[in-house]
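Visitor: coords below, sequence missing:
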């Protein structure tokens, strides 16, 4: 074999060097392009930063040319190209407008500017961000119309624009966002009708447009979306009838409260068999409450209050209540302010043991409170006020040991407050005012340490005022307009958290206790007043104790029409919060001008 010639060596040298040079050139070009792209992203974000205020200096020291843009706060980059893919500046207190340059972040997948103070219009350049999947601009002050160019962003799954001041109408072009799963437009100033085209969003799962000014009827196309799980249109001016759901509905939450919807609640609403929350409150629905509501096996919350719903059957039977016994997960049932009439049926005991909130106020209910109500073992809120209920408060109510609110006022109930009320160890609010209750206030009620508010005014209660427990958390005690007598006990100071104390229009006697000065949280103190006939209810005597000046938060002090004597204590005029003093028709003396 012959030795390689010089020519062969030269050929070999060039054949080896040339691919390496090509590779280096390609790498250099790639690096140059990558650096160019990074420089574009960096300059875009720095321009964005220059147009905003950063009161907490979150970006001030971090967003700089000396740091890699991928290491900036709120920034994430793609692993392959090192391009900015996530911009998350949520909750940073930033102020200003959105720079059009933001549209140059061509690899951006997620844009989250929520919880700041951005304002102004959204620049049309954002329509170039075709890779976006999430846009969250909620809790800012953006204004103007919702841009129609959102329809060009076909990959977006989550569009959240709530809690801004957007105006105008919902653009039909949003229907072009074919991958949209969540659309949240709530808490804005959007007007007009919901576009029919919204029904083209075949992947839509959640549609929020609550607290706007939307009008017209709800488009039927929306109820044909089998993907929808949540519709929230509360607090708008929507009208028309409630339409039927599709048989393949997956709807779980339907909130349509506070609108102008009318007509019957259709039986076919039960097509949405997966419903968990149904809120139709504060509309103009009429007719019977449909028994088909009992077909909602997953129903947890039902709000129908403040409509024109009736039970116009021959016996005014509440058949719907029996049907709801099938809803084993029902925890909230609110049907107040309807024209239900009839009596509260004993079948109330068949309601779910999960029931925690039952409100049947202002429904013209007659008859008695059935003793079976004591079977609702997990109830926390029971409101039966402003009806025509008669008879006594059933002792079985003492079985409701988880009860937190018991509201019975403005009925025709009579008899004594049962001592079993003291079993309600979780009770915070007890209202039983404006009725015909008599007898003594059971001492057991004042042993409930959780109790914050007692209102049994305007009844015929008598006897002495029991002592409060030492661990009392009572804040409001309204006992006016009864026949309570005897002294106000010194132990009233045990309820040191009291803010309102109304003992006027009773028959209390003796001195105003000095211990009342220990109620330093007190804002309103009512001790006096006459009956219409002019006779004295309260017969307090002696002086106003100087300790009244310790009530540094007192705003109202009524002690008129009593037998008080002596001088008005100067300390009372040192209470800077005091707004009203009524002391007329007493035997007080002294020079008032010296104290003011």
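Guide: Everything's here; your move. Everything quoted here is computed from the prediction, not taken from an experiment. Numbering: from 1, shown residues only.

Visitor: Kindly confirm whether my reading is correct that residue 278 touches residue 302.
Guide: Yes - with contacts counted by C-beta atoms under 8 Å, residue 278 reaches residue 302, the gap being 5.4 Å. In this view, the C-beta of every residue, glycine as well, is placed from N, C-alpha and C.

Visitor: intersection of neighbour lists for those two?
Guide: residue 293 (C-beta atoms under 8 Å, 6 or more residues apart in numbering).

Visitor: quick one: contacts for the residue lying closest to residue 150 once chain neighbours are set aside?
Guide: Nearest in space to residue 150, with sequence neighbours left out and distances taken as C-beta to C-beta, 6 or more residues apart in numbering, is residue 174 at 5.9 Å. Counting by C-beta under 8 Å, 6+ apart, residue 174 touches 146, 150, 151, 159, 180, 183, 195, 197, 198, 201.

Visitor: roughly how far apart are the first one and residue 186?
Guide: Residue 146 sits 13 Å away from residue 186 when distances are taken as C-beta to C-beta, to the nearest Å.

Visitor: now the last one
Guide: Taking C-beta to C-beta as the measure, residue 201 falls 17 Å from residue 186.

Visitor: And the second one, by the same measure?
Guide: Separation of residue 150 from residue 186 (C-beta to C-beta): 16 Å.

Visitor: same check, this time on the fifth one
Guide: Relative to residue 186, residue 180 is positioned 16 Å away (C-beta to C-beta).

Visitor: So for those two, which residue has more residues nearby?
Guide: More crowded of residue 180 and residue 186, by other C-beta atoms under 10 Å: residue 180, with 26 against 22.

Visitor: Tell me the buried residues in stretch 153-172?
Guide: Of the residues in stretch 153-172, 153, 156, 158-164, 166, 168, 170-171 count as buried by neighbour count, 16 or more other C-beta atoms under 10 Å.

Visitor: Cross those residues against strands and list the overlap.
Guide: Counting by DSSP state E, those place 158, 159, 160, 166 in strands.

Visitor: give the contact list for the second one.
Guide: Which is residue 159. For residue 159, the contact set (C-beta under 8 Å, 6+ apart) comprises 135, 150, 174, 177, 180, 182, 183, 184.

Visitor: What of residue 256?
Guide: Applying C-beta under 8 Å, 6+ apart, we find residue 256 in contact with 218, 231, 233, 234, 238, 242, 279, 280, 283.

Visitor: and it, what pLDDT?
Guide: Here, the pLDDT recorded for residue 256 equals 98.

Visitor: Kindly report the same for residue 529.
Guide: With respect to pLDDT, residue 529 scores 67.

Visitor: Quick check: which ranges of the chain have low pLDDT?
Guide: Applying pLDDT under 70 to the chain flags residues 1-38, 313, 316, 529-541, 592-596.

Visitor: So what sits opposite the closest residue to residue 169 other than its chain neighbours in the bridge?
Guide: Excluding the flanking residues, the one nearest residue 169 by C-beta to C-beta, 6+ apart is residue 192, at 3.6 Å. Applying DSSP bridges to residue 192 gives these bridge partners: residue 214.

Visitor: ok, which stretches of this structure are helices?
Guide: 6-50, 220-223, 319-323 (DSSP state H).

Visitor: what are the ranges of the strands in the stretch 101-250 of the chain?
Guide: Ranges of strands in the stretch 101-250 of the chain, per DSSP state E, counting those that start in this stretch, are 110-112, 117-120, 134-136, 141-145, 158-160, 165-167, 182-184, 191-192, 206-208, 213-216, 230-232, 237-241.

Visitor: helices and strands around the third one, which ones?
Guide: When contacts are defined as 3 or more C-beta pairs under 8 Å, 6 or more residues apart in numbering; DSSP states H and E, strand 134-136 sits against strand 110-112, strand 158-160.

Visitor: rewinding a little: among the contacts of residue 159, who's most crowded?
Guide: Greatest neighbour count in the contacts of residue 159, by other C-beta under 10 Å, goes to residue 180: 26 neighbours.

Visitor: contacting residues for that residue?
Guide: Contacts of residue 180 by C-beta under 8 Å, 6+ apart are 156, 157, 158, 159, 174, 201, 203, 204.

Visitor: How about the contacts made by the second one?
Guide: For residue 157, the residues meeting the contact criterion (C-beta under 8 Å, 6+ apart) are 133, 134, 179, 180, 181, 182, 203.

Visitor: Would you mind giving the residues you listed as JSON lines with distance to residue 429 added?
Guide: As requested, these are exported to JSON lines (distance: C-beta to C-beta, whole Å):
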{"residue": "133", "distance to residue 429": "47"}
{"residue": "134", "distance to residue 429": "43"}
{"residue": "179", "distance to residue 429": "48"}
{"residue": "180", "distance to residue 429": "44"}
{"residue": "181", "distance to residue 429": "41"}
{"residue": "182", "distance to residue 429": "37"}
{"residue": "203", "distance to residue 429": "45"}
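
Visitor: okay, among these, which ones form the most distant pair?
Guide: Pairwise distances across these peak at 14.4 Å for 134 and 203 (criterion: C-beta to C-beta).

Visitor: Which one's more surrounded, those two?
Guide: It is residue 134, of residue 134 and residue 203, that has more neighbours when counted by other C-beta under 10 Å, with 18 against 14.

Visitor: Could you double-check that the more buried one lies in contact with residue 109?
Guide: Yes - between residue 134 and residue 109 there is a contact at 7.3 Å, judged by C-beta under 8 Å.

Visitor: what about residue 119, neighbour count?
Guide: Using other C-beta under 10 Å: residue 119 sits among 16 other residues.

Visitor: and it, how far is that from residue 169?
Guide: 21 Å.

Visitor: Run a quick neighbour tally on residue 586.
Guide: Neighbours around residue 586, by other C-beta under 10 Å: 18.

Visitor: That one - nearest residue in space that isn't next to it in sequence?
Guide: residue 564 (4.2 Å).

Visitor: Make JSON lines out of the contacts of residue 174 and add distance to residue 509.
Guide: Converted to JSON lines, the contacts of residue 174 look like this (distance: C-beta to C-beta, whole Å):
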{"residue": "146", "distance to residue 509": "69"}
{"residue": "150", "distance to residue 509": "74"}
{"residue": "151", "distance to residue 509": "78"}
{"residue": "159", "distance to residue 509": "70"}
{"residue": "180", "distance to residue 509": "73"}
{"residue": "183", "distance to residue 509": "67"}
{"residue": "195", "distance to residue 509": "72"}
{"residue": "197", "distance to residue 509": "75"}
{"residue": "198", "distance to residue 509": "70"}
{"residue": "201", "distance to residue 509": "73"}
